[in-house]
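**Q** Pasting the sequence and the predicted coordinates here, then a few questions.
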Amino acid sequence: MKRVSNDSNTKIAKGEMDGKGEEELKLAVVGSINIDQTVIADRIPHKGETLPGHGLSYIPGGKGANQAVAMARLGADVAMFGCVGDDDNGRKMVENLIANGVKADQVRTVKGVPTGIAIITIGDNDNTIIVVAGANCKVDRAYVDSVKEDLLGYDMVVLQHEIPLDTVHYIVDLFSEHNFPVVLNPAPAAAVPAEIIEKVTWLTPNEHEAVLIFGEDKTAEELLRMYPGKLLITQGSRGVSVGLSSEEILTVPVRPAKVVDTTGAGDTLNGAFCYRIAMGDSVEDALRYANTAASLSTEKFSAQGGMPTAEEVEKAMKEL
């Protein structure tokens, strides 16, 4: 496979990767698989405060699984790599991946460990999330080595921070050695070593994660100019920004939405961006598409429940 440059006008064209011709590119997600325990309230409670809730739901989640489902909903050929517990939640999460068109052959069931769970409070168009990793901690180097041959059969790998960071860095090294493109969404926030930043093809933090990774001494604009085409920073209501090779900053604004639930919007954006990059879009076009998909996802309840289809995104883009 060709190494993908980070120029904002570069495309991963079909037919440029190992003679694949018009064959659809295969995407791999290595990451977390959770069940989300979600409660709705009028607002997020303050420290020490008790508020009444309006409902309790158990919904498929996990940043890795969310991004895989977002891609599959849009039509991507995507496989999930990760671990679940030997419990009802684990079985349901695997069944959910398959039902959404995600390949789950390499999802491992770990005995004696619970499936990961995220405890989510939704209120006043915002949310708070606490994650108990469970089986996601078992996505370790030994697991990666056991699926390495299959994993390297994919054309791009997508990573997040809800599995051990040692594993994330190990996979970045592995794919970099084989000259394959890597997308790292560094969430939840954690430090990213300089050598890992250098090796990934795209790094997609939000503005808070960018501060933790790079420090407070540089503005977002300065960082984007330092890593043109590589660094994408999501900035909430201000949209998503990327540095161009011309040293200009491109900011794609947020599509207006009737917000119901913001959970999973960032995962939708990352999944949609990766899918459109794999389909041959420029970084600019992929971001416009992804931003629209993320906005649509906020108009329905739950992370995966709101993720749009390609037809829905295309319709919304035409309306804009």
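**A** It's in.

**Q** what are the pairing partners of the helix or strand bottoming out on mean pLDDT in the chain, and which direction each?
**A** Lowest on mean pLDDT, DSSP states H and E among the helices and strands of the chain sits strand 126-132, with a mean of 86. Its sheet considered, strand 126-132 pairs with strand 116-123 (antiparallel) by DSSP bridges.

**Q** Just the mean pLDDT for stretch 287-296, thanks.
**A** When pLDDT is averaged over stretch 287-296, the result is 93.

**Q** what's the offset of it from the middle of its chain?
**A** The chain centroid and the centroid of stretch 287-296 are separated by 13 Å under Cα atoms, centre = their mean, to the nearest Å.

**Q** With just CA atoms, put that stretch into CSV.
**A** Below are the C-alpha coordinates for stretch 287-296, written out as CSV (Å, rounded to 0.1, in the frame of the first residue of the first chain):
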residue,chain,number,x,y,z
LEU,A,287,-14.4,17.2,6.8
ARG,A,288,-17.5,18.9,5.3
TYR,A,289,-19.1,15.5,5.0
ALA,A,290,-18.1,14.4,8.5
ASN,A,291,-19.3,17.6,10.1
THR,A,292,-22.7,17.2,8.5
ALA,A,293,-22.9,13.6,9.7
ALA,A,294,-22.0,14.6,13.2
SER,A,295,-24.6,17.3,13.3
LEU,A,296,-27.3,14.9,12.1
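
**Q** neighbouring contacts of it?
**A** Residues outside stretch 287-296 that contact it (Cβ atoms under 8 Å, 6 or more residues apart in numbering): 70, 74, 232, 239-240, 242, 250, 252-257, 265-266, 268-273, 276, 281, 306-308, 312-313, 316-317, 320. Every residue, glycine included, has its C-beta placed from N, CA and C.

**Q** Just the buried ones from these?
**A** Buried members of the contacts of stretch 287-296, scored by 16 or more other Cβ atoms under 10 Å, are 70, 74, 232, 239-240, 242, 250, 252, 254-255, 257, 265-266, 268-273, 276, 281, 306-308, 312-313, 316.

**Q** So which of those residues are in helices?
**A** Using DSSP state H, the subset of those located in helices is 70, 74, 265-266, 268-273, 276, 312-313, 316.

**Q** would JSON lines of those residues with distance to Asp217 be doable?
**A** Converted to JSON lines, those look like this (distance: Cβ to Cβ, whole Å):
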{"residue": "Ala70", "distance to Asp217": "34"}
{"residue": "Leu74", "distance to Asp217": "38"}
{"residue": "Ala265", "distance to Asp217": "29"}
{"residue": "Gly266", "distance to Asp217": "25"}
{"residue": "Thr268", "distance to Asp217": "32"}
{"residue": "Leu269", "distance to Asp217": "27"}
{"residue": "Asn270", "distance to Asp217": "27"}
{"residue": "Gly271", "distance to Asp217": "32"}
{"residue": "Ala272", "distance to Asp217": "32"}
{"residue": "Phe273", "distance to Asp217": "28"}
{"residue": "Arg276", "distance to Asp217": "33"}
{"residue": "Glu312", "distance to Asp217": "41"}
{"residue": "Val313", "distance to Asp217": "38"}
{"residue": "Ala316", "distance to Asp217": "38"}
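
**Q** all helices of the stretch 101-250 of the chain, in order?
**A** For the stretch 101-250 of the chain, the helices defined by DSSP state H, counting those that start in this stretch cover 141-151, 165-177, 194-199, 207-214, 220-226.

**Q** Check which residues of the fourth one are buried.
**A** In terms of neighbour count (16+ other Cβ under 10 Å), helix 207-214 has its buried residues at 209-211, 213-214.

**Q** Include distance to Leu174 and pLDDT when you put those residues into TSV, please.
**A** Below are these laid out as TSV (distance: Cβ to Cβ, whole Å; pLDDT from 0 to 100):
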residue	distance to Leu174	pLDDT
Glu209	23	95
Ala210	25	95
Val211	29	93
Ile213	21	94
Phe214	25	93
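
**Q** which ones are touching Leu159?
**A** So Leu159 contacts 29-31, 168, 171-172, 182-185 (Cβ under 8 Å, 6+ apart).

**Q** at 7 Å what do you get?
**A** Neighbouring residues of Leu159 by Cβ atoms under 7 Å, 6 or more residues apart in numbering: 30-31, 168, 171, 182-184.

**Q** got it, and Val94?
**A** The contact partners of Val94, by Cβ under 7 Å, 6+ apart, come to 84, 104, 107.

**Q** Can I get the helix or strand hosting it in CSV? Just the C-alpha atoms.
**A** Assigning secondary structure by DSSP states H and E places Val94 in helix 88-99. The C-alpha coordinates for helix 88-99 follow below in CSV (Å, rounded to 0.1, in the frame of the first residue of the first chain):
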residue,chain,number,x,y,z
ASP,A,88,-25.0,-10.9,28.3
ASN,A,89,-23.7,-7.4,27.6
GLY,A,90,-20.8,-8.8,25.6
ARG,A,91,-23.0,-11.0,23.5
LYS,A,92,-25.5,-8.2,22.8
MET,A,93,-22.7,-5.8,21.8
VAL,A,94,-21.3,-8.3,19.3
GLU,A,95,-24.7,-8.9,17.9
ASN,A,96,-25.3,-5.2,17.6
LEU,A,97,-22.0,-4.7,15.6
ILE,A,98,-23.0,-7.5,13.2
ALA,A,99,-26.6,-6.1,12.9
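
**Q** That concludes my questions; thank you for your assistance.
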